[in-house]
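Novice: The following comprises the amino acid sequence and a computationally predicted model.
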Amino acid sequence: MTTNDINNELIPDQIMVGEHLYAEAINLILTSAERELLVFDQDLSHGDFASKQKYELFQAFLNKSPSNQLTIVLQDTGFFQNRCPRLLDLLTIYGHKMTVYETNQTAKHAKDCFVLADDKHYVKRIHIDQARFRYGLDDLATAGLLNTRFKELLEATHDVVTISRLGL
């Protein structure tokens, strides 16, 4: 199956199923982003976030404009720190425009995840344990609700992932 076949299978505003389609929908949202990306996830273990392709898409977004911002809120940063070395590299290089937070205990109950671009494009996984998701382009109403939810989750963070290099 080629990328074009997959893109032809992606249908906005409908519930879709499949890990591979979910990863491709995230790619579509990352590619659509012009100024701001907001990511909420349990740990980034679903959606192919550790891949070179995701790294390149995030890097391209961060390079698009000096004012672009990437904010990631995770319930657990272990997978990010141990299995996503490319994204950690991005945090090292783009720490001035990329921030990764970990939620406190009050937000650990959330079981959905989403990526929001520019307050208008989104992909939302309905439950972490199932590859059921919906995505939308230029959907201001749904994106507005997700933006409000992201702000609430951001308020429930207690830790920021930092990268520091120690030298002698």
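Specialist: In hand now; what should we look at? Numbers count the residues shown, from 1 in each chain.
Novice: from here on, contacts and neighbour counts on C-alpha atoms
Specialist: Fine.
Novice: longest helix anywhere in this structure?
Specialist: Determined from DSSP state H, the single longest helix within the chain is helix 140-155.
Novice: in that helix, what's buried?
Specialist: Neighbour-count burial for helix 140-155 flags 140, 142-143, 146-147, 150, 153-154 (criterion: 16 or more other Cα atoms under 10 Å).
Novice: For residue 130, state which of these is nearest.
Specialist: residue 146 (19.4 Å; Cα to Cα).
Novice: pLDDT score for the closest one?
Specialist: On the pLDDT scale, residue 146 is placed at 97.
Novice: Could you shift the numbering so residue one becomes 645, and keep it that way?
Specialist: Sounds good: first residue 645 from here, last item residue 790.
Novice: Against residue 783, how distant is it?
Specialist: 11 Å (Cα to Cα, to the nearest Å).
Novice: residue contacts, the residue sitting nearest the centre point of the chain?
Specialist: Centroid-nearest residue in the chain, with Cα atoms, centre = their mean: residue 683, separated by 3.3 Å. Residues counted as contacts of residue 683 (Cα atoms under 8 Å, 6 or more residues apart in numbering) are 714-717, 757-760.
Novice: I'd like those laid out as TSV, including distance to residue 739 and pLDDT.
Specialist: Listed next are these as TSV, based on distance: Cα to Cα, whole Å; pLDDT from 0 to 100:
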residue	distance to residue 739	pLDDT
714	10	98
715	10	98
716	12	98
717	15	97
757	23	96
758	22	98
759	19	98
760	20	98
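Novice: Next, give me the two most distant ones among those.
Specialist: 714 and 757, at 15.7 Å, using Cα to Cα across these.
Novice: next structured bit after the helix or strand where residue 705 lies?
Specialist: Using DSSP states H and E, residue 705 sits within helix 696-708. Helices and strands here follow DSSP H and E; after helix 696-708, the next one along the chain is strand 713-718.
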